[in-house]
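Colleague: Turn this into a structure:
(2 chains)
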Number of protein chains: 2
Amino acid sequence: MASRRGLMFLLSNTFRAGAVGLRRNSRKFYRSGLILGITGGSLLGISTVSAKELVIGLSDEDDTALNLEEFMATPITPSAILETSSEMMHRMELLCLKVQGDVCREIERIEGTTKFKVDRWLKCEGIEGGGITCILEDGAVFERAGVNISVVSGNLRPEAVKSMNSQGRDLPVEETMTFSAVGVSSVIHPRNPMVPTMHFNYRYFEVNPDMSEKQWWFGGGSDLTPYYLNEKDAKHFHCTYKSACDMHGPSYYARFKRWCDDYFYIKHRCMRRGIGGIFFDDFKSKNADACFSFVKSCADAVIPSYFPLVQRHKNDPFGMREREWQLFRRGHYVEFNLLYDRGTKFGFTTPGARYESILMSLPPRATWRYCHEPSKGSEEAELLEVLRHPKEWVTV
Amino acid sequence: MASRRGLMFLLSNTFRAGAVGLRRNSRKFYRSGLILGITGGSLLGISTVSAKELVIGLSDEDDTALNLEEFMATPITPSAILETSSEMMHRMELLCLKVQGDVCREIERIEGTTKFKVDRWLKCEGIEGGGITCILEDGAVFERAGVNISVVSGNLRPEAVKSMNSQGRDLPVEETMTFSAVGVSSVIHPRNPMVPTMHFNYRYFEVNPDMSEKQWWFGGGSDLTPYYLNEKDAKHFHCTYKSACDMHGPSYYARFKRWCDDYFYIKHRCMRRGIGGIFFDDFKSKNADACFSFVKSCADAVIPSYFPLVQRHKNDPFGMREREWQLFRRGHYVEFNLLYDRGTKFGFTTPGARYESILMSLPPRATWRYCHEPSKGSEEAELLEVLRHPKEWVTV
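Modeller: Numbers count the residues shown, from 1 in each chain, chains lettered A, B, ... in the order given. Next comes the predicted model:
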């Protein structure tokens, strides 16, 4: 028990100092109490603690009813609060923790031996909260897969408010305003070019102006980036989200499918990043429970929408041509994420942002070629045609 | 003679339609008159005309005294104007054409058999002018080398004026304003990780407000991005530019060296893109000739500053470790260019921008790894130390 207490002391200190790195299944380090030490802000060389054991350690003492073993690391909000609170921030944190755990486990199950590296980190520079970054690199099936959650709060700077208003919101600019945000986001880059890359992100925002009423909204979506078009896969992916949407509103799928095509647009290339899925922002109504329930349905659709495609194609034959095409298209992925993605931009302008967690969305490798265009009639050209002219994959 | 006239007719038409692709040393296509056809805006499959012959073709008819054979393609401004004009725009276009030709020839000389692809393109969407994009890919020594010139003019939108003012200029925002710009820019990515990447850019801007006096300025610089630090190389590079600067002003080198360190800063990583060189903007004085002469000295320093390093290291031994480090650092290069570089941003917001010419600066291949940090005391760590804490390479 002594070593557990020692660990908890270390954690409670390091949370303020910067961040703590966790790697699952490294029991020996934990047992021997070998903590390599934490330098300000650096996460390197400290991946020594078993997240699973840490969670058990905490639950031993807290004796909560939450199934903490489902999560990749200790929640950011104390579990005693999470267990009893009915606040949306806390309900959403629990949803994000669960999705993160489920997706990581599914990836590890398919992967076999390669495991996720888990970094639990805390914010500084005036922002409260933290996050849990899970990343798996150089796997047999997955070249890079990242699943991030973050739970943050702080003061919104006027520029941030103006930027939010420029996207159609109506927040008072002249007041001091606190905000809270919780979200899960993930990008999964498989090795085999016949398996698409997938991205999803589900998030909840609250802003609290000094003088006026609290405002809140949800945002999120899931989208698919294949390297070769497979109609059956595209239909399966879109159908899964259509079913999730249809449970909550008859117009949701059509609206959020179009929004997705519009959002993931690489303007200079006049093409989409991929074949879409759903995307929504500013999602709110009088019934917060109904909103949460919709977001939960979408998040629950992540595993059935994508992993059957991984299973179907992970052993498909491919050669140099397909690999080079995959890397070339990953260059476009980089361009979208660094030039256009609002999430990336917002991340980089947030004080104390953890850039390694933001850049986790980038592919492990990418290439650029001048004026490269696949030959007419090729399968590569067929994909570009759909990226330039999005299709309807399911009957609305 | 007929086929030359036919070619000129084709060019004068295609300039309006979009762009024409040129490949040097493809005499047979030209002689046989096999022009594959130009589709709107696409440059693909049309690289059929010898730029060298085209230049000869024009000079036969124009009989100018300009040494057009030095250039990679026909100037954007008619050579009859360039030959006689004393306007700075035209003097600068000639300088850019000459630098482009010199650098491309030097690269081809070292490369041996791989030649530059030359695209001469013209603007549309309310912007006059065009450019010449020269690119060499998959060479034995150079993995990717691009040398671009552009000569454009048009109307400045108020947002562009505001953006220019935010960088310390004082242009009237309420007026319509025309602008002209001419510049050469280049990024050279060698294959061997012991050879640094080099970037240079020299440019001239004029803005003509309706009601007030014309304003003009020069900008530019050269900077080096090594993968492994070699003090002798760093000193040689910086010394060459110090000599160029010293001929024009005793404080220039120190000022522009610091500006370079400040500009090529990857904010989220708290490190520079490389070991710098010189960078300046808003360079103007009462004596425009003296300004031009300074810029010319810097541009003339490009070849002696860099190519001796290529010769020295192009056959250095290296292995997987060095190659992987090079690709990882090239990921940082991509981050700087897409997230921070003002030139890239300005390019993408200009109507009718030719994105392939802008993105030519990206490396051919790049990788990303989560929280990767070289081990303490390694040569890779030694480089990062200098990127985090820039050094003085020559005594000022």
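Colleague: Enumerate every residue touching residue A:66.
Modeller: Residues near residue A:66 by CB atoms under 8 Å, 6 or more residues apart in numbering or on different chains: A:59, A:75, A:79, A:82, A:83, A:94. Where you see a C-beta, it was placed from the backbone N, CA and C, and this is true even at glycine.
Colleague: In ChimeraX, how would I select the buried members of those residues?
Modeller: For the buried members of these, the matching ChimeraX selection, counting by 16 or more other CB atoms under 10 Å in any protein chain shown, is:
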select /A:59,75,79,82,94
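Colleague: Turn the contacts of residue A:66 into TSV, including pLDDT.
Modeller: Below are the contacts of residue A:66 laid out as TSV (pLDDT from 0 to 100):
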residue	pLDDT
A:59	36
A:75	95
A:79	92
A:82	94
A:83	91
A:94	97
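Colleague: can you narrow the contacts of residue A:66 to ones near chain B?
Modeller: Among those, no residue is within reach of chain B (CB under 8 Å from any CB of the partner chain).
Colleague: what's the residue in the stretch 101-250 of chain A that chain B sits nearest to sitting at in phi/psi?
Modeller: Of all residues in the stretch 101-250 of chain A, residue A:135 sits closest to chain B, at 4.8 Å by CB to the nearest CB. Residue A:135 adopts backbone torsions of phi -140, psi 140, taken as degrees, to the nearest 10.
Colleague: from memory it sits against residue A:143, does it?
Modeller: No - if you go by CB atoms under 8 Å, residue A:135 and residue A:143 don't touch, sitting 11.6 Å apart.
Colleague: What parts of the stretch 101-250 of chain A come near chain B?
Modeller: So far as CB under 8 Å from any CB goes, the stretch 101-250 of chain A lies against chain B at A:117, A:119, A:135, A:137, A:144, A:146.
Colleague: ok, now which ones touch residue A:245?
Modeller: With CB under 8 Å, 6+ apart, residue A:245 has these contacts: A:252, A:253, A:256, A:278, A:294, A:297, A:298.
Colleague: Need the pLDDT of the second one.
Modeller: Reading off the per-residue confidence, residue A:253 sits at a pLDDT of 98.
Colleague: what does the last one give?
Modeller: We note a pLDDT of 98 for residue A:298 in this prediction.
Colleague: For it, identify the helix or strand it belongs to.
Modeller: helix A:288-300 (DSSP states H and E).
Colleague: Mind giving me the packing neighbours of the helix or strand that that helix is followed by?
Modeller: Counting by DSSP H and E, the element after helix A:288-300 in chain order, helix or strand, is helix A:302-313. Contacts defined by 3 or more CB pairs under 8 Å, 6 or more residues apart in numbering or on different chains; DSSP states H and E place helix A:302-313 against helix A:88-111, strand A:177-190, strand A:215-225, helix A:231-246.
Colleague: how about whatever helix or strand comes next after helix A:302-313, does it reach chain B?
Modeller: Of the helices and strands lying after helix A:302-313 in sequence (DSSP H and E), the nearest is helix A:320-335. Yes - Helix A:320-335 reaches chain B (CB under 8 Å from any CB) through A:327, A:331, A:334, A:335.
Colleague: what's the neighbour count on residue A:258?
Modeller: 15 (other CB atoms under 10 Å in any protein chain shown).
Colleague: Likewise for residue A:246?
Modeller: 14.
Colleague: Now it: closest residue in space, sequence neighbours ignored.
Modeller: residue A:253 (6.4 Å; CB to CB, 6 or more residues apart in numbering or on different chains).
Colleague: A strand includes residue A:146, no?
Modeller: Yes - Residue A:146: assigned to a strand according to DSSP: H, G, I helix; E, B strand; the rest coil.
Colleague: beta partners for it?
Modeller: residue A:135, residue A:187 (DSSP bridges).
Colleague: repeat for the one 10 residues further on
Modeller: In this structure, residue A:156 bridges to residue A:177 when assessed by DSSP bridges.
Colleague: so who does it touch?
Modeller: So residue A:156 contacts A:164, A:177, A:178, A:179, A:207 (CB under 8 Å, 6+ apart).
Colleague: and the fourth one, what does it touch?
Modeller: Applying CB under 8 Å, 6+ apart, one finds that residue A:179 lies in contact with A:153, A:154, A:155, A:156, A:205, A:206, A:207, A:208.
Colleague: which stretches of the stretch 51-200 of chain A aren't confidently modelled?
Modeller: A:51-65, A:124-126 (pLDDT under 70).
Colleague: Out of the residues of helix A:320-335 next to chain B, which end up buried?
Modeller: Buried, going by 16+ other CB under 10 Å: A:327, A:331, A:334, A:335, out of those.
Colleague: Residue A:199: which of the residues you listed is nearest?
Modeller: residue A:334 (13.2 Å; CB to CB).
Colleague: you'd agree the closest one is up against residue A:367?
Modeller: No - using CB under 8 Å, residue A:334 is not in contact with residue A:367; the gap is 10.0 Å.
Colleague: okay, and the common contacts of these two?
Modeller: residue B:366.
Colleague: Residue A:363: how many residues sit nearby?
Modeller: 22.
Colleague: now the one 4 residues further on
Modeller: As a burial measure, residue A:367 scores 20 neighbours (other CB under 10 Å).
Colleague: Would you check how far apart residue A:265 and residue A:371 are?
Modeller: Distance of residue A:265 to residue A:371, given as CB to CB, to the nearest Å: 20 Å.
Colleague: wait, isn't residue A:297 in contact with residue A:244?
Modeller: Yes - judged on CB under 8 Å, residue A:297 makes contact with residue A:244 at a distance of 4.3 Å.
Colleague: For residue A:385, which three-state class applies?
Modeller: helix.
Colleague: And the pLDDT for it?
Modeller: In this prediction residue A:385 is given a pLDDT of 98.
Colleague: One more: residue A:345?
Modeller: pLDDT, residue A:345: 82.
Colleague: Run a quick neighbour tally on it.
Modeller: Residue A:345, neighbours per other CB under 10 Å, totals 16.
Colleague: Just the element for it, please.
Modeller: Using DSSP H and E, the element containing residue A:345 is helix A:342-349.
Colleague: quick check, that helix touching chain B?
Modeller: Yes - using CB under 8 Å from any CB, helix A:342-349 reaches chain B at residue A:348.
Colleague: List the buried residues of that helix.
Modeller: A:344, A:345, A:347, A:348.
Colleague: Now tabulate the residues you listed in a markdown table and tack on distance to residue A:109.
Modeller: Compiled in a markdown table, those are given as follows (distance: CB to CB, whole Å):
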| residue | distance to residue A:109 |
| --- | --- |
| A:344 | 30 |
| A:345 | 34 |
| A:347 | 30 |
| A:348 | 34 |
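Colleague: so which of the residues you listed comes closest to chain B?
Modeller: So of the buried residues of helix A:342-349, ranked by how close each gets to chain B (CB to the nearest CB), first place is residue A:348, at 6.1 Å.
Colleague: residues near the residue nearest to that closest one when sequence neighbours are not counted, how many?
Modeller: Counting by CB to CB, 6+ apart, residue B:268 is the residue found nearest to residue A:348 once chain neighbours are left out, at 6.1 Å. Residues lying near residue B:268 (other CB under 10 Å) number 17.
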